[in-house]
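# fold the following.
(one chain, ligands or ions: 1)
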Amino acid sequence: MAGTALRRRLGHRRLTARLVETRDETATARTLRFAVPGWPGHLAGQHADVRLTAEDGYTAQRSYSLSAPADGEFVELTVQLVPDGEVSPYLVRDIEVGDEVELLGPLGGWFVWRPEQPGPVLLIGGGSGIAPLRAMLRARSAASPPFRLLYSVRTPSDVYFAGELDSPDVTLLYTREAPDGVERTPHRIDAADLTAYGLPAAEEPTCYVCGPTSFVETVTGLLIDAGHDPARVRAERFGG
Ligand SMILES: Cc1cc2nc3c(=O)[nH]c(=O)nc-3n(C[C@H](O)[C@H](O)[C@H](O)COP(=O)(O)OP(=O)(O)OC[C@H]3O[C@@H](n4cnc5c(N)ncnc54)[C@H](O)[C@@H]3O)c2cc1C
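Next up, the predicted model:
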């Protein structure tokens with residue numbers, strides 16, 4: 001009983017999540033909105049573990065960032081299809097409104113943005129790594145410190161949350177193909193991009209970097225080379 005009470009206080013209990021809405025972000029990614037009775041709330045940047053159970057009892061579990069800020073019993077996840085994957089094809093292609101999964105969370109205490117946190121914020125996401133950063137962007141208010149988002153995507157059709165990112169605080173960094181009118185030649189994020197579009201180390205931003213492992217490792221290295229204090233560089237690796 002004591003263990004159960006502690007898990008409940010920590011928010012780490014498995015809850016039933018019922019899919020209530022889906023929204024395609026790209027041809028291979030979608031946002032899933034679940035109703036989760038008993039959800040304890042969460043901080044922007046946290047994630048949850050989704051557990052699927054087959055009829056024969058086989059289970060598979062994967063982590064997904066919470067892509068929207070706390071909203072009562074509602075939770076959003078944004079999932080990129082990994083074509084040969086076990087769990088993501090089900091979440092992107094097969095699950096239907098009304099279906100249920102198990103959710104464990106919220107999880108993670110380091111890769112989070114707290115509204116009371118002082119200082120500017122530099123968000124750098126690659127591909128589906130935008131998911132927790134979008135929750136941070138939406139959690140801020142008029143009273144929040146300056147935010148800057150650099151979002152690395154292959155092509156214009158790979159942009160998630162397209163309708164929400166039209167802001168001077170947001171720079172899309174295309175790696176393969178850019179829309180007409182974008183001067184920057186498509187390429188992977190580099191030191192010059194950080195200088196041109198990021199925030200200088202002298203402003204001491206807290207930096208949040210999220211995406212595939214290789215992207216995160218490259219960008220955290222660039223930030224540290226540019227003089228950012230490693231203690232203020234927080235990273236979340238999605239694998240891949
Ligand atoms: C803290 C955390 C948060 C995450 N948040 C998100 C999120 O918000 N959205 C999201 O789409 N994913 C997220 N992920 C990744 C997610 O947990 C799964 O790894 C991903 O969905 C693939 O699972 P799968 O079962 O489809 O593939 P698997 O069956 O696990 O893997 C199949 C193949 O794909 C490769 N692979 C595994 N993961 C990836 C990946 N991320 N990219 C490319 N190839 C991969 C594997 O090496 C393997 O070869 C997160 C991971 C972590 C650790």
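# who's residue 102 bridged to?
With DSSP bridges as the criterion, residue 102 is bridged to residue 16, residue 51.
# residues in contact with it?
Taking Cβ atoms under 8 Å, 6 or more residues apart in numbering as the criterion, residue 102 is in contact with 14, 15, 16, 17, 50, 51, 52, 53. For the C-beta atoms, the positions are set from N, CA and C on the backbone; glycine is no exception.
# same check on residue 79?
Residues in contact with residue 79 (Cβ under 8 Å, 6+ apart) are 29, 30, 31, 32, 64, 88, 91, 92, 128.
# what count of nearby residues applies to whichever residue of the chain sits closest to the ligand?
The minimum distance from the chain to the ligand, using Cβ to the nearest ligand atom, falls at residue 85 (2.0 Å). Residue neighbour count, defined by other Cβ atoms under 10 Å, stands at 17 for residue 85.
# do the same with residue 165
The burial count for residue 165: 17, using other Cβ under 10 Å.
# that one reaches residue 151, doesn't it?
Yes: counting by Cβ atoms under 8 Å, residue 165 touches residue 151, with 6.9 Å between them.
# list just the nearest of the contacts of residue 79 to residue 108.
Of all the contacts of residue 79, the one with the least separation from residue 108 (Cβ to Cβ) is residue 64, at 11.5 Å.
# near the ligand, anything from stretch 161-178?
No: judged by Cβ under 6 Å from any ligand atom, stretch 161-178 stays clear of the ligand, getting no closer than 12.2 Å.
# distance from that stretch to the middle of the chain?
The chain centroid and the centroid of stretch 161-178 are separated by 15 Å, computed with Cα atoms, centre = their mean, to the nearest Å.
# same question, stretch 33-43
Averaging C-alpha positions (Cα atoms, centre = their mean) puts stretch 33-43 16 Å from its chain's average.
# coming back round to it: my reading is that the residue of the chain closest to the ligand is in a strand; is that accurate?
No: secondary structure of residue 85 (DSSP: H, G, I helix; E, B strand; the rest coil): coil, not part of a strand.
# low-confidence ranges, this protein, go.
Flagging of the chain using pLDDT under 70 yields the residue ranges 1-12.
# 50 instead?
Scanning the chain for pLDDT under 50 picks out 1-3, 11.
# what residues does it put near the ligand?
Residues of the chain found near the ligand (Cβ under 6 Å from any ligand atom) are 47, 62-65, 78-80, 82, 84-88, 128, 131, 212, 236, 238-240.
# quick revisit: between the contacts of residue 102, which is nearest residue 158?
Nearest to residue 158 among the contacts of residue 102, counting by Cβ to Cβ, is residue 50 at 22.8 Å.
# the helices in the chain, which residues?
Here the chain has its helices, by DSSP state H, at 2-10, 88-89, 130-139, 191-197, 213-225.
# just name the most buried of those helices.
The highest mean neighbour count among the helices of the chain, using mean count of other Cβ atoms under 10 Å, belongs to helix 130-139: a mean of 25.
# what backbone torsions are found at residue 95?
phi -60, psi 140 (degrees, to the nearest 10).
# ok, now which ones touch the residue lying closest to it once chain neighbours are set aside?
Nearest non-adjacent residue to residue 95, counting by Cβ to Cβ, 6 or more residues apart in numbering: residue 19, 5.8 Å away. Counting by Cβ under 8 Å, 6+ apart, residue 19 touches 32, 33, 34, 95, 96, 97, 98, 99, 100, 101.
# tell me how far the last one lies from residue 136.
Right, residue 101. The gap separating residue 101 from residue 136 is 24 Å, by Cβ to Cβ, to the nearest Å.
# much appreciated, bye for now.
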